[in-house]
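**Student:** Sequence and predicted structure below; questions after.
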Amino acid sequence: TERYNPKAAEPRWQAVWDENKLFETRNDAPGEKYYVLEMFPYPSGRIHMGHVRNYAMGDVVARFKRARGHNVLHPMGWDAFGMPAENAAMQNKVHPREWTYANIATMRAQLKSMGLSLDWSREFATCDVDYYHRQQMLFLDLLEKGLAYRRKSKVNWDPVDNTVLANEQVIDGRGWRSGAPVEQRELTQWFFTITEFAEDLLSALDHLPEWPEKVRLMQRNWIGRSEGLLVRWRLDAANKPADIDEVEVFTTRPDTLFGASFVAVAPDHPLSKAAAAGNPKLAAFVEEARRGGTSAAEIETAEKKGFDTGLRAVHPLDPNWTVPVYVANFVLMDYGTGAIFGCPAHDQRDLDFARKYALPVVPVVLPEGADAATFDVGTEAFTGEGTLFHSRFLDGLTPDEGFDAVAKRLEDTDLSGRPQAKRQVNFRLRDWGVSRQRYWGCPIPVLHCEACGVVPEARENLPVRLPDDIDFEKPGNPLDRHPTWRQATCPQCGGPALRETDTMDTFVDSSWYFARFTSPHAAGPTDPQIANAWLPVNQYIGGIEHAILHLLYSRFFTRAMRATGHLDLDEPFKGLFTQGMVVHETYRDGSEWVVPADVSITEADGARTATRLSTGGQIAIGSIEKMSKSKKNVVDPDDIIASYGADTARWFMLSDSPPDRDVIWTEAGVEGAHRFVQRLWRVVSEAAPHLAGAAEAPSDDPAATALRKAAHRAAAGVTDDIERLAFNKAVARLYELVNALAGPFASLDTAAPEARAAAREAATILVRLVAPMMPHLAEECWQALGETGLCAAAPWPVAEPALLRDDEVTLPVQINGKKRGDLTVPAGADKAAIEAEALALDFVQAALGGQAPKRVVVVPGRIINVVV
Ligand code: ANZ
Ligand code: ZN
């Protein structure tokens, strides 16, 4: 037969699926609903191999579930707002809208060439007016429910370009375009109250068994719940500021109070300001510290610095003990109370700080087995478990017991009419700042009226559309300097008002798109009934890079949309799978990276050498790394599809490694995959003519039964593999099945019709098992076999249990507990029969020496033990 020609076959089958609207999902179609979703792409220009891997996996699940009779929802769209479109506008003078939609067109065509079973009728881009209109509705709903609010917050300010910068636009503390040192400015910005849900977002993680533990852990840490104590420290009257009497700290380790050697406050803390009032050097330090980065990560890595205010705080458990009060750059204003007490022996930051400023280091937790007389910390704080010592009434307690003892005592201590301490649960999680001072995003639908203040836009005036006529000549937000767009009418008083020019963080767009897909044309954000019927997403698949923010924000939105009546569910994603990366060797010609397409590899005596095709010169082979433009180690999916076809690309992506691990893309691997494509085609198409005249029912002779068993076992195995998303195992099983069938299929011309029936059955099983991974090839085979209808619409093969059973089992035979030999019996033989056969064995007879056995233990399917 002829070689399989994917170039001709793939577009042909894609057109047939399209014409039949095979993958258009009706909300009311029969079958249990199953929603499979891959994280939608950002339309950056072209799809990359990471997309191919992600969508190939999702497509296997979608096609499999469809074949199993589910009503499958498998949609696709575009996460289309964001900075790169504005950058392109600035660099190439192309409108962000044009740039974005052109990219979408390119990438849609690329995805279509992969033959994905997507419901394109539900497609949308988040920059479609239709979509952001609904997002504005949601915003107003959140505002009404008190889930959105405004407050002042810090932003990165470029003093030369006079504009706010996104975090990504700050490079080493400088503006990416101006190069000027970035300042922190306070701006009034919009926030969503994600912290209101902190406790629930945390505890609900325990009820997501189909999420990777790793992701749940990352979410837990991000939410960062800690139980601690608020402790008020009196300021020593000697030199305290007139209007401040005390400083309250948040601590999770009140058990270490007797190891305290200083108190430290954040640069923005009121006490810093008060202390700096008459102290220019301190004022300069505070100013300097405030300029530093605001992110926790920056603070974590910055050098720990402090400044002694000269104030002293009185130890809460000893009125005769005071410690110095510092302003320190590592204390965050927006965590706890913005003030801490430092216990250097048991906290690394405090220890570094104490060593730097020569403060006492007194250990108060003794590690098990350590000697109280000699134990000391060197440069490493001891943060483990142990027993409290040097701690007066706490001596001998565990840290937990010490926590409670201190809490009790201080809760009962009165300090100016209030308890000196109280328990508090703190979260690291902050409210979600959604304001962005950018053009290419969803406009926040509010107005600023001089008479009425901040007024939500009237719902009948939605959508607030982005203006088209904008210029990127100057840095900053083009909405701010648009000649007319800002001018509007206040819906409350009818007077003039100005539009909000902030647009929403693009993470907002991707926080509810999965719900919109359930009824993409609904007048409101969702049709709640339909959304509830489809959600949660049964299987969500995407990169681990979204393990924290995107998933957390989507989980928040699910709660916010429940509060505003747009859906009613606990969690958006029931199953989550994070796939590994696609990696590739790197190549270097001197200092220049070389694309794999320009490299030819030769192998001799186990050594590989690389030749650069364009120059003929030998070049260096570098390490294997994530495909990236910077190292040029990328392979363009289009090239692969053009040379080998989409099925080969899909098959290779699924075959080589477990889906959660990295897959190494190699030319040899792709070629191997393609050889299998051709082999499968040959095996099936050459058998096909002999299968036409097959009998109705397969024979039960041993050869036919062996064939049937191979097919039915593969069916059971592949089903199980796909259920567990073990695609590489499914692939391995299918290689095996083709091997098992190739021999018998080659001699079909002389086989009896009943034997052909078994072969026909095996062939149709094989083709259907392959279909989720290689759907085009499967259709071609299906047609060659003369099957009616489309393979993509055929039901999944169901394995017959009888064919999965082994006919015979081999049991170890023990004499007095020692294995002496084996016995093979028919599967399902009863105990008596097994016992009789065992006793007849030569070596058992010999051991018995003519005597009756004392006891015979038979565990069918497991073991036989004869006691003599
Ligand atoms: C004394 C102490 C002794 C502490 C010790 C730790 C170990 P988590 O678990 O993240 O909640 N802390 C409190 N507020 C802070 C702020 N605004 N900026 C920087 N650090 C702050 O951490 C709580 C601990 O972090 C608190 O417990 C406090 O230091 C510090 F051996 O108090 B601890
Ligand atoms: Zn007004």
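**Tutor:** Noted; the coordinates are in hand. Ligands and ions are numbered 1, 2, ... in the order given.
**Student:** how close does G850 sit to ligand 2?
**Tutor:** Distance from G850 to ligand 2, counting by CB to the ion, to the nearest Å: 111 Å. In short, each C-beta sits where N, CA and C put it, glycine included.
**Student:** Where does that residue sit, in terms of helix or strand?
**Tutor:** Using DSSP states H and E, G850 maps to neither a helix nor a strand.
**Student:** Give the burial count for it, as a bare number.
**Tutor:** 6 (other CB atoms under 10 Å).
**Student:** Make residue 1 into 24 and carry on from there
**Tutor:** All set: I'll call the first residue 24, so the last point we hit is now G873.
**Student:** can you pull the contacts of it?
**Tutor:** Shown in contact with G873 (CB atoms under 8 Å, 6 or more residues apart in numbering): no residues.
**Student:** Let me know the pLDDT of it.
**Tutor:** Predicted confidence (pLDDT) for G873: 88.
**Student:** for the one 4 residues further on, same thing?
**Tutor:** K877 carries a pLDDT value of 93.
**Student:** which residue sits closest to it in space, ignoring its chain neighbours?
**Tutor:** V890 (4.5 Å; CB to CB, 6 or more residues apart in numbering).
**Student:** Hmm, that neighbour is touching K841, no?
**Tutor:** No - counting by CB atoms under 8 Å, V890 sits too far from K841 to count as a contact (11.1 Å).
**Student:** Give me the number of neighbouring residues for the residue of the stretch 274-423 of the chain at minimum distance from ligand 2.
**Tutor:** Closest approach between the stretch 274-423 of the chain and ligand 2, counting by CB to the ion: D357, at 32.6 Å. Counted by other CB under 10 Å, the residues lying close to D357 total 13.
**Student:** helix, strand or coil for it?
**Tutor:** Judged by DSSP: H, G, I helix; E, B strand; the rest coil, the three-state class of D357 is coil.
**Student:** Over to N888?
**Tutor:** N888 ends up strand, using three-state DSSP.
**Student:** wait, doesn't it sit right on G840?
**Tutor:** Yes - N888 is in contact with G840 according to CB under 8 Å; the separation is 6.3 Å.
**Student:** more neighbours, the two?
**Tutor:** For the pair N888 and G840, the greater number of neighbours falls to N888 (19 against 9), based on other CB under 10 Å.
**Student:** So the more buried one versus ligand 1, what's the distance?
**Tutor:** Taking CB to the nearest ligand atom, to the nearest Å as the measure, N888 falls 57 Å from ligand 1.
**Student:** any low-confidence regions in this structure?
**Tutor:** 191, 315-324 (pLDDT under 70).
**Student:** so what does the lengthiest helix in it touch, helix or strand wise?
**Tutor:** Among the segments of the chain that qualify as a helix by DSSP state H, the longest is helix 690-714. Applying 3 or more CB pairs under 8 Å, 6 or more residues apart in numbering; DSSP states H and E, one finds that helix 690-714 contacts helix 660-667, helix 669-678, helix 750-769, helix 776-793, helix 798-807.
**Student:** Identify, out of those, the most deeply packed stretch.
**Tutor:** helix 669-678 (a mean of 26; mean count of other CB atoms under 10 Å).
**Student:** Not counting that one itself, show me its contacts.
**Tutor:** Under CB under 8 Å, 6+ apart, the answer for helix 669-678 is 29, 33, 72, 75-76, 79-80, 82-83, 136-138, 605, 660, 663-664, 686, 688, 692-693, 695-697, 699-700, 750-751, 753-755, 796-800.
**Student:** circling back to that earlier point, neighbour count for V890 and K841, which is higher?
**Tutor:** More crowded of V890 and K841, by other CB under 10 Å: V890, with 12 against 7.
**Student:** Spell out which parts of the protein neighbour ligand 1.
**Tutor:** Taking CB under 6 Å from any ligand atom, the part of the chain that reaches ligand 1 is made up of 247, 249, 273-276, 279, 354-355, 358-359, 361, 363-364, 366, 369-370, 449.
**Student:** any idea how far ligand 2 is from N43?
**Tutor:** 56 Å.
**Student:** tally of neighbours for the nearest residue to that residue once chain neighbours are set aside?
**Tutor:** Closest residue in space to N43, ignoring its immediate chain neighbours: L813 at 6.9 Å, by CB to CB, 6+ apart. L813 sits with 18 neighbouring residues when counted by other CB under 10 Å.
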